[in-house]
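**Student:** sequence unknown, structure follows:
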């Protein structure tokens, strides 16, 4: 299935709170047990970005979150195979995937300020007006992303749908806890390069000579309340 | 046949009693428990068309249809003109601009559906499920001056200023009726009563001013915060630093605390429930430091919500299963589709918690269980079961002032019961309430033909999640 309704009650496995999350199953061979996930790929799809990031940031823990069962299973298998073939250099032990509805349960996985990078790559555009609440970037969800992101952390978005790009930009621009990176900052960020070229969706868009629209934002400090 | 009250509310003084039956709200003045009488001060009935939403949607469709027809006509005329003019020498300036071809994926399908036929008004036919029009929620402002109710038809929040001294029956002075885009599920007011906070079924929270009569176009209202889950309870409070916060509880086990008015800053999230949360309260005697919450879980949670230790807010989970286990019956069987093989899977849930300030206790109501359970709650958040009070029928809802506790029942013969709250931490059925109950019953003009016309009085258990695929 290409789509999954984020509002329905799926059979999901999620911890009651971040404290009760057992990460050892996802990162079984990652040496430091108290290490935390700091990079999240929300709606990781087939995991292209996930494994590319894992290779680029061997010291960091990266988690892909995907709502579709079969896609998640595919990525699990992909990571297992990568780990197997890289037994010698122990690569890809720092990335994992989990089936999750991150629009509902993100704070169950991550503590306040735990993440320093969040990726939203080629999200479902939900074209219909009535379905806009189902979009992954809304002003109300951004407050939640600001909660799990640490100050100075970066939220990355990329899409081939111009309308959606405008929508995401509008909401991020309006949100008091986010500020867009300067064009120089965006261009020089290695993650932007990886995000543009490593995902399956990104490759597909390139093959079709489609456009890719990028907008990255930094998480501002909490205002005086 | 009189319809029972789906909502009851006592003001702080215990002098004024609000009760809602179907689409009417009644306000009574109670004259002390000794003389035992109730005087109807006034009432308000929601008379908005039950098909308001259908008609509104239809009107929009019709406008859209007419617009499309107009555009179609214009297009045809233009084509006709162009066809006529094509023989003339082409004027370069009139040439249409070349539209670059957009790949199919990029065409936003948000452009409205093209309608070929004039849309019909889809009013439900004879066999259709009933359309309910009733008062969903009721809330008094902190200063007791305003009553806020939420309604069904237009999913509105209706705000009244209460003129307690008015004697000609018009105690409810309508300030405004604000329709919302999704059904409001809980309301409260800001600490200074200047703002109404509205939580909806879609998970969004809106704020509107209390006294300003301006009504906004519901599509123009922007949420001040949101969950991706139905909201069940909302309450403003003051935190350990003296900052105002909004607490919101949802069907996904979360209690979120955001600052107010800067509600985009989430202060914290309280984790501990595994099922939907139906209600929470902040009892006064705990100086606002303790929060008590419950819902579909077999336990009640108490929280020291102001605790600054990360995720250290949960004080206790007090099991309630043993209290109700032997009271569950066929009314509590899980729906067939989710039933076990033996067919004996029963489920229960807590629908409401009412703080009893005088005795520092809380009264807990379970859905479809004819008993009231009272717990002691210390200032430190320790909760212990104290007493059970069996009653004659299932309890719909309840309310309390300092000295009095009122229960509303799913019963035609006696739909209310008054209790005195005694100093020795007991509840006792108030004596001499016959006149009072009769006065209230007489005033209640929400009448139904037979039991089938009753609106759903128990709808908390519907919130239990049925996880599929």
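**Tutor:** Cool, got the structure. These figures come from a predicted structure and were not determined experimentally.
**Student:** Mind naming the longest helix for chain A?
**Tutor:** When chain A is parsed with DSSP state H, its longest helix is helix A:69-85.
**Student:** That helix - contacts with which helices or strands?
**Tutor:** The contact analysis (3 or more Cβ pairs under 8 Å, 6 or more residues apart in numbering or on different chains; DSSP states H and E) places helix A:69-85 against helix A:48-56, strand A:61-66, strand A:95-99. Using the backbone N, CA and C atoms, a C-beta is placed for each residue, glycine as well.
**Student:** List of residues touching stretch B:423-432?
**Tutor:** B:33-36, B:358-359, B:361, B:363, B:372, B:374, B:376, B:386-387, B:389, B:404-405, B:417-422 (Cβ atoms under 8 Å, 6 or more residues apart in numbering or on different chains).
**Student:** Tell me where the model's unsure across chain B.
**Tutor:** For chain B, applying pLDDT under 70 flags the ranges B:32-35, B:86-113, B:469.
**Student:** Residues of it that sit close to chain A?
**Tutor:** Within reach of chain A by Cβ under 8 Å from any Cβ of the partner chain, chain B has these residues: B:103, B:105-106, B:108-110, B:202-204, B:222-223, B:225-229, B:243, B:252-254, B:258-259, B:262-266, B:268-269, B:271-274, B:310-311, B:465-469.
**Student:** Once you drop chain neighbours, what's closest to the residue of the stretch 151-300 of chain B at minimum distance from chain A?
**Tutor:** As assessed by Cβ to the nearest Cβ, chain A sits closest to residue B:226 within the stretch 151-300 of chain B, at 2.9 Å. Spatially, and ignoring its direct neighbours in sequence, residue B:226 is nearest to residue A:140 (2.9 Å; Cβ to Cβ, 6 or more residues apart in numbering or on different chains).
**Student:** burial of that neighbour, as a residue count?
**Tutor:** 21 (other Cβ atoms under 10 Å in any protein chain shown).
**Student:** Over to residue A:106?
**Tutor:** 22.
**Student:** isn't it right up against residue A:149?
**Tutor:** No - the pair residue A:106 / residue A:149 is not scored as a contact, 10.4 Å apart, by Cβ atoms under 8 Å.
**Student:** anything in contact with each of those two?
**Tutor:** In contact with both residue A:106 and residue A:149: no residue, using Cβ under 8 Å, 6+ apart.
**Student:** Can you tell me the SS state at the spatially most central residue of chain A?
**Tutor:** Residue closest to the mean C-alpha point of chain A, counted by Cα atoms, centre = their mean, is residue A:41 at 2.0 Å. Following DSSP: H, G, I helix; E, B strand; the rest coil, we place residue A:41 in the strand state.
**Student:** Spit out the contact partners of it.
**Tutor:** A:49, A:50, A:53, A:62, A:63, A:64, A:65, A:119, A:121.
**Student:** among these, which two are most distant?
**Tutor:** Among the contacts of residue A:41, the pair separated by the greatest distance (Cβ to Cβ) is A:63 and A:121, at 14.2 Å.
**Student:** Which residue does chain A have closest to chain B?
**Tutor:** Closest point on chain A to chain B, by Cβ to the nearest Cβ, is residue A:140, at 2.9 Å.
**Student:** you'd agree that residue is up against residue B:206?
**Tutor:** No - between residue A:140 and residue B:206 there is no contact under Cβ under 8 Å: 10.9 Å.
**Student:** Tell me the residues that contact both of the two, please.
**Tutor:** Common neighbours of residue A:140 and residue B:206 (Cβ under 8 Å, 6+ apart) are residue B:223.
**Student:** Quick one: name whatever helix or strand follows whichever strand or helix holds residue B:63.
**Tutor:** Per DSSP states H and E, residue B:63 falls inside helix B:52-85. Following helix B:52-85 in sequence order, the next helix or strand is strand B:137-140 (DSSP H and E).
**Student:** Run through the residues that contact residue B:349.
**Tutor:** B:275, B:276, B:278, B:295, B:296, B:366, B:367, B:460, B:461, B:463, B:464.
**Student:** Can you tell me the closest non-neighbouring residue to it?
**Tutor:** residue B:296 (4.7 Å).
**Student:** got the phi/psi numbers for the one you found?
**Tutor:** Main-chain torsions, residue B:296, degrees, to the nearest 10: phi -80, psi 0.
**Student:** I'd like to know how many residues surround it.
**Tutor:** There are 22 residues near residue B:296, going by other Cβ under 10 Å.
**Student:** From what I see, it and residue B:463 are in contact.
**Tutor:** Yes - here residue B:296 reaches residue B:463: they are 6.6 Å apart, a contact under Cβ under 8 Å.
**Student:** Quickly list what residue B:376 is bridged to.
**Tutor:** residue B:361, residue B:384 (DSSP bridges).
**Student:** Residue B:40: what's it in contact with?
**Tutor:** B:26, B:27, B:28, B:439, B:443.
**Student:** buried stuff in stretch A:196-212?
**Tutor:** A:196, A:198, A:199, A:201, A:202, A:205, A:210, A:212 (16 or more other Cβ atoms under 10 Å in any protein chain shown).
**Student:** list the contacts for the residue nearest to residue B:287 when sequence neighbours are not counted?
**Tutor:** Spatially, and ignoring its direct neighbours in sequence, residue B:287 is nearest to residue B:379 (7.1 Å; Cβ to Cβ, 6+ apart). Each residue near residue B:379 by Cβ under 8 Å, 6+ apart is listed here: B:285, B:286, B:287, B:289, B:290, B:360.
**Student:** Okay, and which of these map to strands?
**Tutor:** Among these, the ones falling in strands (DSSP state E) are residue B:290.
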